[in-house]
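Undergrad: Okay, structure incoming, though there's no sequence with it:
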């Protein structure tokens, strides 16, 4: 050991969860340090659209949107089904509006409400994001607030192991700084180190269903929190759940936002045939795309393309890169991507009849956005992949890590990808839009708040 540091609260991980936890702990009067193993901000929030679902916010009231905590809970539970962290569904919904308002009031981050889309699983508009629709802007805003509050963020410093006393209470961590190691003695430790999507061996052990899928999430999601927690006797929850995305444009690597599907796109395989209900959402639909050899084609029209491009910067960039090719006839469109033209024409005709209400949709789709589709038509080739795991350390309503016997591990908190999420017990079908960032932000907020309160006591 080259040295020792004493601090009130140690935060491991400089994503949205970690930065919010640090800010909230410092706001409560605690001295805080944040360590990040990578040399920059590079977590899943940076790759996301920065969308946080929240019920009863000022932005909703200003927009005339009627919402409630109970409605939000009902929406989430309808999609997720029963799971190991149902207690968190309620607390995340209850604290969501407070968190979103705090981002503006305390952190000075501009937040807007998506009113043009409800998004997957939500019955009312409740997704709050930055004007650009980029999670990187949320991180930038949180980093500015941390600098303002004198919170030190140390990059290229990774937690090697957690330290605990004879009773099992966490007392800090050993830090690897590359050329040196040192110890941080902390009264409270908050794990915000993301999930384990980049750890293929851990995926095969804990989440084998998605272990062989292409990974599109943050490179630093290597599952350290799970390893440390298991060494201390922590309980895991919802460990087989994950968030997939059915619509990563190929070969561009940009997300084809699921707003395109919500507005009326349908998906076909190379044979020109649909293979599922697009209303399932991007995570649940991901397994269906992978079952087609992980090759699919989104079929929509110029109206949908132009509408979504007007409101979503990331999709507009994909259009500019040539990822949304247009044709006057469906046969010409099929030839652009090598899709079987005759079958695609039949598929379009059936889809349009269902969209007009002339017959039931063959896969049970009920919402068709701007459908039926009309020329000119648009096609985008997509792959599916894993974005992040949704299982992890089980925490209570105060974000305290729980032991297998149901008691909290003293002084240890977790949030975001390090903690069990609320997207069902296993698989990708329980994911509601924004679930990952909801858990990251609200659990980080609660962890920092609880840590500071316990220090005062």
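TA: Noted; the coordinates are in hand. Here the structure is a predicted model, which means the values were calculated and not measured.

Undergrad: need the contact list for residue 276.
TA: Residues near residue 276 by C-beta atoms under 8 Å, 6 or more residues apart in numbering: 267, 285, 288, 363. From N, CA and C alone the C-beta is placed, and that goes for glycine too.

Undergrad: go again using 7 Å as the cut-off
TA: Shown in contact with residue 276 (C-beta atoms under 7 Å, 6 or more residues apart in numbering): 285, 288, 363.

Undergrad: most surrounded residue in those residues?
TA: When neighbours are counted by other C-beta atoms under 10 Å, residue 285 leads the contacts of residue 276 with 27 neighbours.

Undergrad: What sits closest to it if chain neighbours are left out?
TA: residue 246 (4.0 Å; C-beta to C-beta, 6 or more residues apart in numbering).

Undergrad: can you check residue 35 too?
TA: Here the residue nearest residue 35, using C-beta to C-beta, 6+ apart, is residue 157, at 4.4 Å.

Undergrad: from memory the one you found sits against residue 178, does it?
TA: No: the criterion here is C-beta atoms under 7 Å, and residue 157 misses it with residue 178 at 8.2 Å.

Undergrad: low-scoring stretches of the protein, by residue?
TA: 1-2 (pLDDT under 70).

Undergrad: all helices for the stretch 151-300 of the chain, in order.
TA: 200-206, 224-231, 259-262, 286-290 (DSSP state H, counting those that start in this stretch).

Undergrad: ditto for the stretch 351-457 of the chain
TA: Going by DSSP H, counting those that start in this stretch, the stretch 351-457 of the chain shows helices at 435-456.

Undergrad: Now residue 83: closest residue in space, sequence neighbours ignored.
TA: residue 425 (4.3 Å).

Undergrad: about what we covered before: could you tell me how many residues sit around the residue nearest to residue 35?
TA: By other C-beta under 10 Å, the residues close to residue 157 number 23.

Undergrad: One more: residue 139?
TA: The burial count for residue 139: 22, using other C-beta under 10 Å.

Undergrad: That one and residue 4, how far apart?
TA: 30 Å (C-beta to C-beta, to the nearest Å).

Undergrad: related to what we said a few turns ago, thought the residue nearest to residue 83 was touching residue 86?
TA: No: between residue 425 and residue 86 there is no contact under C-beta under 7 Å: 10.2 Å.

Undergrad: In terms of neighbours, single out the busier of the two.
TA: Counted by other C-beta under 10 Å, residue 425 and residue 86 do not tie: residue 425 has more neighbours, with 19 against 14.

Undergrad: can you point me to the longest strand in this structure?
TA: What stands out as the longest strand in the chain, according to DSSP state E, is strand 377-389.

Undergrad: Which secondary structure elements does that one sit against?
TA: strand 240-249, helix 286-290, strand 296-301, strand 325-327, helix 330-337 (3 or more C-beta pairs under 7 Å, 6 or more residues apart in numbering; DSSP states H and E).

Undergrad: farthest residue from the center of the chain?
TA: When distances to the mean C-alpha position of the chain are computed (C-alpha atoms, centre = their mean), the maximum falls on residue 342, with 38.2 Å.

Undergrad: OK, contacts around the closest residue to that one other than its chain neighbours?
TA: Spatially, and ignoring its direct neighbours in sequence, residue 342 is nearest to residue 272 (7.3 Å; C-beta to C-beta, 6+ apart). Neighbour list for residue 272: 334, 339, 340, 341, 343, 344, 347 [criterion: C-beta under 7 Å, 6+ apart].

Undergrad: cutoff 8 Å now
TA: 334, 339, 340, 341, 342, 343, 344, 345, 346, 347.

Undergrad: And the buried ones among the residues you listed, selectable in PyMOL?
TA: Filtering the contacts of residue 272 down to the buried ones (16 or more other C-beta atoms under 10 Å) takes a single PyMOL command:
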select buried, resi 334+339+340+341+343+344+345+347
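
Undergrad: Let me know the closest of the contacts of residue 272 to residue 163.
TA: Closest approach between the contacts of residue 272 and residue 163, by C-beta to C-beta: residue 339, at 57.5 Å.

Undergrad: so how far is residue 269 from that closest one?
TA: In terms of C-beta to C-beta, residue 339 sits 8 Å off from residue 269.

Undergrad: What helix or strand is residue 61 located in?
TA: helix 58-62 (DSSP states H and E).

Undergrad: and that helix, what does it pack onto?
TA: Contacts defined by 3 or more C-beta pairs under 8 Å, 6 or more residues apart in numbering; DSSP states H and E place helix 58-62 against strand 112-113.
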